[in-house]
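Undergrad: What follows is a predicted structure for the sequence shown.
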Amino acid sequence: MSEDFGLLEPADQPGDEWEQLDVSDTEADRIARRQDREFDEFRKRIKDTEQFKLQESVFDDATLAAVYKLVQDGYVDAFGGPVSTGKEASVFEALGGQAGERPEPGSEAAGGGPEGVTPEREVAVKVYRINSSNFRQMRDYLEGDPRFEGIASDKKAVVLAWTRKEFANLKRARKAGVRVPEPIAVQRNVLVMELVGHAEERARRLSEVDVENPETAYEVVREYMRRLYGAGLIHGDLSEYNMIIHEGELVIIDLGQAVTVHHPNAGEFLARDCENVAAFFTRQGIDVDPDDLRAYVTEPDPDPSGEPDGEPGEESGPDGERESGGEADEAAESDTE
């Protein structure tokens, strides 16, 4: 009867039906235990710092695990204090590790050439809050983006997708010649990127400075908007609060909400960006029409490799994926738990 149903024959002694298992301590077991101990020590060390006590709502255990992975992978060596704190995310200064010390050839961080690796490069670590982020607003920007179809609707999945989305958007913008912070690595809800400026001499938002050459600044902004559009992206929240100045260089920031030109609300977002930019520069004494700006942005660029004519200056104030273990485009397409 037992053969008809494929059952095992009765065993002589309890346990005889099982093969003898090797329960000896393996190298993998020892490595896993050591990693657990190191993470526990890391978590205790972080939780004892003043920065953690001030930003405790940011560093839950899952976020600490993501930061620890970035440290282990060599993207972050040491944490500093907060650079900015918002409802959805906090940005911290940090020292980049060896994996993050590969500036793009020809960039300032590379010393003007491919051989110039900067030791102890300062980086920015942006941590999105899982629990307090504006979940519904994030979902509105993600829905309709073909890169994030099928994303689950729970808050954690949306915030993790949003973080990867900002990483992917930064990569695409830089490839198009738009000056944005260089993306370095992403892990769960933690994004590592270039720190524009320095801890002692931070970059200033355009809203915080007196723009010395508003005409030049406007030319740069509209050229960046056109390059972004040519790369298939619309910022979606562009204003003087999402542009910073450092040493006369204008940098576009906060690309998490940027959408593709195929997003169902792309036209609305572009119109709003043009209205915000036109309103700011009109206050600077320039006659800017939002409809003219939109026409310029959507016009094909005759020379996409060309540089904007000049850089803006300022009058007051000092200065205005590769995912950890993966590529940026992969980070934009796959969920990271």
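TA: Thanks, I have the structure now. Numbering: from 1, shown residues only.
Undergrad: which sections of this protein are below the confidence cut-off?
TA: Scanning the chain for pLDDT under 70 picks out the ranges 1-58, 100-120, 132-135, 152, 199-200, 301-337.
Undergrad: which residues of it fall in helices?
TA: Secondary structure of the chain, counting by DSSP state H: helices at 27-47, 50-54, 61-72, 135-142, 155-175, 214-230, 266-283, 290-298, 328-333.
Undergrad: Adding distance to residue 123 and mean neighbour count, write the ones you listed out as TSV.
TA: For the C-beta atoms, the positions are set from N, CA and C on the backbone; glycine is no exception. Listed next are those as TSV, based on distance: least, C-beta to C-beta, whole Å; neighbours: other C-beta atoms under 10 Å:
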stretch	distance to residue 123	mean neighbour count
helix 27-47	17	11
helix 50-54	15	13
helix 61-72	10	19
helix 135-142	24	16
helix 155-175	13	23
helix 214-230	23	21
helix 266-283	28	19
helix 290-298	31	17
helix 328-333	16	18
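Undergrad: which one of the ones you listed lies closest to residue 248?
TA: With respect to residue 248, and counting by C-beta to C-beta, the nearest of these is helix 214-230 at 9.7 Å.
Undergrad: name the helices or strands packed onto the closest one?
TA: strand 249-252, helix 266-283, helix 290-298 (3 or more C-beta pairs under 8 Å, 6 or more residues apart in numbering; DSSP states H and E).
Undergrad: Adding distance to residue 63, write the ones you listed out as a markdown table.
TA: Listed next are the helices and strands packed on helix 214-230 as a markdown table, based on distance: least, C-beta to C-beta, whole Å:
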| stretch | distance to residue 63 |
| --- | --- |
| strand 249-252 | 26 |
| helix 266-283 | 29 |
| helix 290-298 | 37 |
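Undergrad: closest one to residue 144 among these?
TA: Per C-beta to C-beta, nearest to residue 144 of these: helix 266-283, 8.4 Å.
Undergrad: just the CA coordinates of stretch 73-86, formatted as PDB?
TA: Output of stretch 73-86 as PDB, limited to C-alpha atoms (Å, rounded to 0.1, in the frame of the first residue of the first chain):
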ATOM      1  CA  ASP A  73      30.700  48.500   0.200                       C
ATOM      2  CA  GLY A  74      33.000  51.500   0.500                       C
ATOM      3  CA  TYR A  75      30.800  54.400  -0.400                       C
ATOM      4  CA  VAL A  76      30.800  56.100   3.000                       C
ATOM      5  CA  ASP A  77      33.600  56.300   5.500                       C
ATOM      6  CA  ALA A  78      32.300  58.600   8.200                       C
ATOM      7  CA  PHE A  79      29.100  60.500   8.900                       C
ATOM      8  CA  GLY A  80      28.800  64.200   9.800                       C
ATOM      9  CA  GLY A  81      26.000  66.500  10.700                       C
ATOM     10  CA  PRO A  82      22.800  67.300   8.900                       C
ATOM     11  CA  VAL A  83      23.000  69.700   5.900                       C
ATOM     12  CA  SER A  84      19.300  70.100   5.500                       C
ATOM     13  CA  THR A  85      16.200  68.700   7.100                       C
ATOM     14  CA  GLY A  86      12.800  68.400   5.500                       C
END
